[in-house]
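Visitor: Pasted the sequence and its predicted model underneath.
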Amino acid sequence: MNMNYRNFDLKIEHTEDGYFAHAYGEPFGEARDFFHSPFLQEELDQFLRLLVDPASAEQQADQRQMAQALGERLFNAVFRHNLRTSLQSSYQLIYQERSRLRIRLQLDATPEFINLPWEYLYDPIRKEFLALSTHTPLVRHQNLMHHILPFKVTAPLRALVVIPSPGSYPPTNADRNWLNLLDTLDHLALEGKLKVERLQKPTLLDLQRRLRQNEYHILHFLGHGAFDTQTQDGLLAFEDEMGRGRLVSGQHLGGLLRDHYSLRLVILGACTSDLYAMSGRADEPVVMQNPYLGAAQSLVRRGTPAVVALQLAPSTPAALTFADNFYTAIADYTGIDEAMLETRRAMLQAEPGATWGVPTLLIRTPDGHLFESRQTNQAQAAGASTNLSRSTQYANRKN
């Protein structure tokens, strides 16, 4: 069943008077108030470390407790006074309409806040995480002018997987990561919904060649990352021709992918449990940063319709649950925001901690529709043509 959505846009702005949370969207009107991050960096680092490795039952309980506490503090810091009134009015409206409220978070102007735990926003009145509620799917949105329409696809969807293993970086089992992903998605291949291919030589040049040779709809990167605080961009470790590491910025990769029109979705995943990196310069202090999220922002800015930053080591149950559920939903042409919502709920069922909030979705489309089935469109057109023909025949018989 198709569900109607209302967009609730929430933008964090920086002016000479300080930081503001700015909510807007029809018919909700506008609301604005001061915003201050309610966290110390040490708190965020502690929470991120809890999410890195597979968790025991005791660690999962700690994850849940800390996720709710941080999410509630962030919610109260954002939704103050008239912003909270605006949100409550929006809730009432969607309940009356039996629609949903898509929370579109915009951090373009304030990248210093991208590492806050936005996916864990917790409403203490409704006692639920916004990103887990079917009524309030949450995405990070870049409100850019260029409107990207869904791409019409003849099944199967085609995904290209890039798993660099440069010799100058800590070793990873690229073949095992590939086979785990392949085994997880083989049911979609058997159903003719998804074809997954691997880039055998994971260099930037070979990626460019492969994109020229074939049409791909999804790019899945599994590799090392770093973060450059000077450019505020994520760096992804490809291989060079000699098998050594070559750091590629999200800005550079985005320029390459922009020319491949059919590519609508990029997934950036870690290849080990070393999920957060210091900046690209050795003389800077170590700060917990998310290189995949930084690169994701640049990719969306350069034209990629949707990017998922996935900071989960690929062999963990949480990562495999994500791949199975997310790809299944996308292969059924589900809107990506709805696909992410259902995937998070499945991850929570499989592992009742807080790893469900680790996948971060960034989009630039006004809604979540990336693909349309060409077969469905053709069948609908054929049905309409048949009905028109029958109507004409009936009219002729009457005449």
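Guide: Everything's here; your move.
Visitor: which stretches of the stretch 201-350 of the chain form helices?
Guide: 204-213, 250-257, 291-301, 317-331, 336-350 (DSSP state H, counting those that start in this stretch).
Visitor: closest one to A155 among the ones you listed?
Guide: When those are compared by Cβ to Cβ, helix 317-331 sits nearest A155, at 8.2 Å. Yep, even glycine has a C-beta here, placed from its N, CA and C like the rest.
Visitor: tilt between the closest one and helix 336-350?
Guide: Relative orientation of helix 317-331 and helix 336-350, computed by axes from the mean of the first three to the mean of the last three Cα atoms, to 10 degrees: 150 degrees.
Visitor: any idea which helix or strand carries R80?
Guide: Using DSSP states H and E, R80 falls within no helix or strand.
Visitor: Okay, the closest residue to it other than its chain neighbours and R73: tell me how far apart.
Guide: Distances taken as Cβ to Cβ, 6 or more residues apart in numbering put D33 closest to R80, at 4.8 Å, once the chain neighbours are dropped. For D33, the distance to R73 (Cβ to Cβ, to the nearest Å) stands at 16 Å.
Visitor: returning to that earlier point: could the helices of the stretch 201-350 of the chain be laid out in JSON lines, adding mean pLDDT and mean neighbour count?
Guide: Listed next are those as JSON lines, based on pLDDT from 0 to 100; neighbours: other Cβ atoms under 10 Å:
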{"stretch": "helix 204-213", "mean pLDDT": "96", "mean neighbour count": "15"}
{"stretch": "helix 250-257", "mean pLDDT": "96", "mean neighbour count": "20"}
{"stretch": "helix 291-301", "mean pLDDT": "94", "mean neighbour count": "26"}
{"stretch": "helix 317-331", "mean pLDDT": "95", "mean neighbour count": "22"}
{"stretch": "helix 336-350", "mean pLDDT": "96", "mean neighbour count": "21"}
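Visitor: rewinding a little: what element comes up after the helix or strand harbouring the residue nearest to R80 heading to the C-terminus?
Guide: For D33, the host element (DSSP H and E) is strand 29-34. Proceeding N to C from strand 29-34, the next assigned helix or strand is helix 41-52, under DSSP H and E.
Visitor: what comes up buried for stretch 13-22?
Guide: Buried residues in stretch 13-22, counted by 16 or more other Cβ atoms under 10 Å: E13, Y19, F20, A21, H22.
Visitor: Kindly reformat the residues you listed as CSV containing secondary structure, pLDDT and distance to D228.
Guide: Shown next, in CSV, are those (DSSP: H, G, I helix; E, B strand; the rest coil; pLDDT from 0 to 100; distance: Cβ to Cβ, whole Å):
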residue, secondary structure, pLDDT, distance to D228
E13, strand, 96, 24
Y19, strand, 97, 24
F20, strand, 97, 28
A21, strand, 97, 28
H22, strand, 96, 29
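Visitor: What is the most widely separated pair among those?
Guide: Largest pairwise distance in the buried residues of stretch 13-22, by Cβ to Cβ, is 10.1 Å, between Y19 and H22.
Visitor: Name the residues contacting each of those two.
Guide: Common neighbours of Y19 and H22 (criterion: Cβ atoms under 8 Å, 6 or more residues apart in numbering): I12, E13.
Visitor: quick one: the strands in the stretch 101-250 of the chain?
Guide: 122-123, 128-129, 138-141, 151-153, 157-162, 194-198, 218-223, 225-228, 233-239, 245-249 (DSSP state E, counting those that start in this stretch).
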